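**Q** Build the 3D model from these lines:
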Amino acid sequence: MADLQDDPQDTPGVGELDAPAPAAPPDSDAGPAPAPAPEHGDDLRRARTLLAAHPVADGHNTLARALALTPWQDLEAGESSLDTDIPRLRAGGVGAQFWALTAEDDGTEPVAGTLERLDRIRSLIAAYPEGLRLALSGGDLSDARNCGRIASFLGPVAAHALGDSLGTLRSLHLLGVRALSLTPGTSWTEPGLSRFGLEVVREANRLGVLLDLCGATPGTWRRTLGTSRAPVLLSRSAAASLTPHPLNATDDLLAAIGAHHGVCLVSFAPEQIERTGKAVSVSDVADHIERVRDVAGPGNVGLSGTYGLITGAPRTPGLEDASCYPILIAELLGRGWTDPEVAALTWENLARVVRDAEFAARATRGGASSATLEELDGPG
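**A** Got it, this is the predicted structure:
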């Protein structure tokens, strides 16, 4: 199997962008189709070179959910029923992936549903040791990259998956979970973080579990940032000033994330980046990345492909599957981004947040909290 440093020039969906445009038919009034601008091909080749040295650390892939909808898969050879498999991750220059364990509220018991997704991804990682490696720390992140494996982080899990129990949080941490989403859906995250919610933040800090504020209410994200000793992340967000969407971040939140040294991972999901009266495109994703960079700061922006979908799901044209990251990087290079700026975007910013959360955990004194929801928030 090819390493991350291998040249993916012949990968379908990526390499064909270097081919010249076909000529117009003889009867066409349009004349010959123009050849692509030379700088576009140069930017794409430069993007691939950069990703070989500074791969993508991606913040959100829902493959754990999609695998339950497909009866059989071969993710090592390639899987046409999904937008994510190992060949396409490698062609896209992905060196680390957060495998999301969240799901829509479908009536399933949340703790059991989360454990099933966790088991599914851990089994996947074990089945493909030449491609994937479980990552529990920043050191594992680097080790997997150096060995040509895709570092696989587990999480985020949803707040309601804790069952209002700090013991469940600790158990999920022992099973490898390294991110918790503080989304609405529990008594302690709505309308803002309660006393028990603050205890969850402190316990997550102690364990080294990253806190994900994507979709959190203003009351929750403000109290989280005022309490957390570790940087936080937005696992699949974009700029609400460009596209109003429940998962997108306001300028106030982006500025606060920057001041707190966290990271906003910009989503490729079409519904999060579409603009009124305009077809969604790679350029729209780049616009959101630049807006997040301008507000939060260049050290506080990263990427979230939001892949892990079955065939036929809506996708942004040009970014249809996990092989397409070089296309986005080429767009940014064409806008004047420098090599160090791209390296920070793809790998360094998220890797730094992972390391900082570990440092905060080591610096935290005291043992496990025995607090309960009833003790802190009262009955009902």
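
**Q** which SS class is Leu225?
**A** helix (DSSP: H, G, I helix; E, B strand; the rest coil).

**Q** how about the residue nearest to Tyr128 when sequence neighbours are not counted, what does it touch?
**A** Spatially, and ignoring its direct neighbours in sequence, Tyr128 is nearest to Glu76 (5.4 Å; Cβ to Cβ, 6 or more residues apart in numbering). Bear in mind the C-beta positions are built from the backbone N, C-alpha and C, glycine included. Counting by Cβ atoms under 8 Å, 6 or more residues apart in numbering, Glu76 makes contact with Met1, Asp85, Ile86, Pro87, Tyr128, Glu130, Gly131.

**Q** ditto for Arg117
**A** Ala64, Arg65, Ala68, Leu101, Ala103.

**Q** Confirm that it sits in a strand.
**A** No. Looking at Arg117 with three-state DSSP, it is helix, so not inside a strand.

**Q** and the gap between it and Gly308?
**A** Using Cβ to Cβ, to the nearest Å, Arg117 is found at 11 Å from Gly308.

**Q** ditto for Leu162
**A** Applying Cβ to Cβ to Leu162 and Gly308 gives a distance of 23 Å.

**Q** Which of the two has more residues huddled nearby?
**A** Using other Cβ atoms under 10 Å as the criterion, Leu162 and Gly308 rank with Leu162 on top: 24 against 21.

**Q** Burial check on the closest residue in space to the more buried one that isn't next to it in sequence, number of neighbours?
**A** Spatial nearest neighbour of Leu162, excluding adjacent residues (Cβ to Cβ, 6+ apart): Thr168 at 4.7 Å. Using other Cβ under 10 Å, Thr168 has 16 neighbouring residues.

**Q** what's near enough to touch Thr168?
**A** Val111, Ala161, Leu162.

**Q** hang on, the second one packs against Ala112?
**A** No. No contact is recorded between Ala161 and Ala112 when judged using Cβ atoms under 8 Å, the distance being 9.3 Å.

**Q** Those two: who's more crowded?
**A** Between Ala161 and Ala112, counted using other Cβ under 10 Å, Ala161 has the larger neighbour count: 27 against 10.

**Q** Contacts only, for the more buried one.
**A** Contacts of Ala161 by Cβ under 8 Å, 6+ apart are Leu101, Thr102, Pro110, Val111, Gly113, Thr114, Thr168, Leu172.

**Q** before we move on, what SS does the last one have?
**A** So that's Leu172. State at Leu172, reduced to three classes by three-state DSSP: helix.

**Q** quick one: it from Ala57, how far?
**A** Distance from Leu172 to Ala57, counting by Cβ to Cβ: 21 Å.

**Q** More neighbours: which of these two?
**A** Ala57 (28 against 24).

**Q** element containing the most centrally placed residue in the chain?
**A** Central residue of the chain (Cα atoms, centre = their mean): Gly59, 1.6 Å from the mean position. Using DSSP states H and E, Gly59 sits in strand 56-61.

**Q** Please list the outside residues in contact with that strand.
**A** 84, 92-100, 141, 151, 233, 235-236, 265, 267, 302-308, 322, 325, 346-347, 350-351.

**Q** List only buried entries from these.
**A** 84, 92-100, 141, 151, 233, 235-236, 265, 267, 302-308, 322, 325, 346-347, 350-351 (16 or more other Cβ atoms under 10 Å).

**Q** Name all residues that make contact with Leu50.
**A** Applying Cβ under 8 Å, 6+ apart, the residues near Leu50 are Ile329, Leu333, Asp339, Val342, Ala343, Thr346.

**Q** Take those residues and write them to a markdown table, including secondary structure and pLDDT.
**A** As requested, these are exported to a markdown table (DSSP: H, G, I helix; E, B strand; the rest coil; pLDDT from 0 to 100):
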| residue | secondary structure | pLDDT |
| --- | --- | --- |
| Ile329 | helix | 98 |
| Leu333 | helix | 98 |
| Asp339 | helix | 97 |
| Val342 | helix | 98 |
| Ala343 | helix | 98 |
| Thr346 | helix | 98 |
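
**Q** all strands for the stretch 151-300 of the chain, in order.
**A** For the stretch 151-300 of the chain, the strands defined by DSSP state E, counting those that start in this stretch cover 157-158, 179-181, 210-212, 233-237, 263-267.

**Q** Just the ones of the buried ones among the contacts of strand 56-61 in helices?
**A** If you go by DSSP state H, the buried ones among the contacts of strand 56-61 have Leu141, Tyr325, Leu350, Ala351 in helices.

**Q** nearest residue to the second one other than its sequence neighbours?
**A** Counting by Cβ to Cβ, 6+ apart, the nearest residue to Tyr325 once its immediate chain neighbours are dropped is Gly92, at 4.1 Å.

**Q** Could you do the first one as well?
**A** Counting by Cβ to Cβ, 6+ apart, the nearest residue to Leu141 once its immediate chain neighbours are dropped is Ala151, at 4.8 Å.

**Q** Surely that neighbour is in contact with Ala96?
**A** Yes. Ala151 is in contact with Ala96 according to Cβ under 8 Å; the separation is 4.0 Å.

**Q** quick one: the helices in the stretch 101-250 of the chain?
**A** Assigned by DSSP state H, counting those that start in this stretch, the stretch 101-250 of the chain shows helices spanning 110-127, 138-146, 166-174, 195-207, 218-227.

**Q** Out of these, which gets nearest to Ala53?
**A** Proximity to Ala53 (Cβ to Cβ) singles out helix 138-146 among those, at 10.4 Å.

**Q** Report the buried residues of that closest one.
**A** Applying 16+ other Cβ under 10 Å to helix 138-146 flags Gly138, Asp140, Leu141, Ser142, Ala144, Arg145 as buried.
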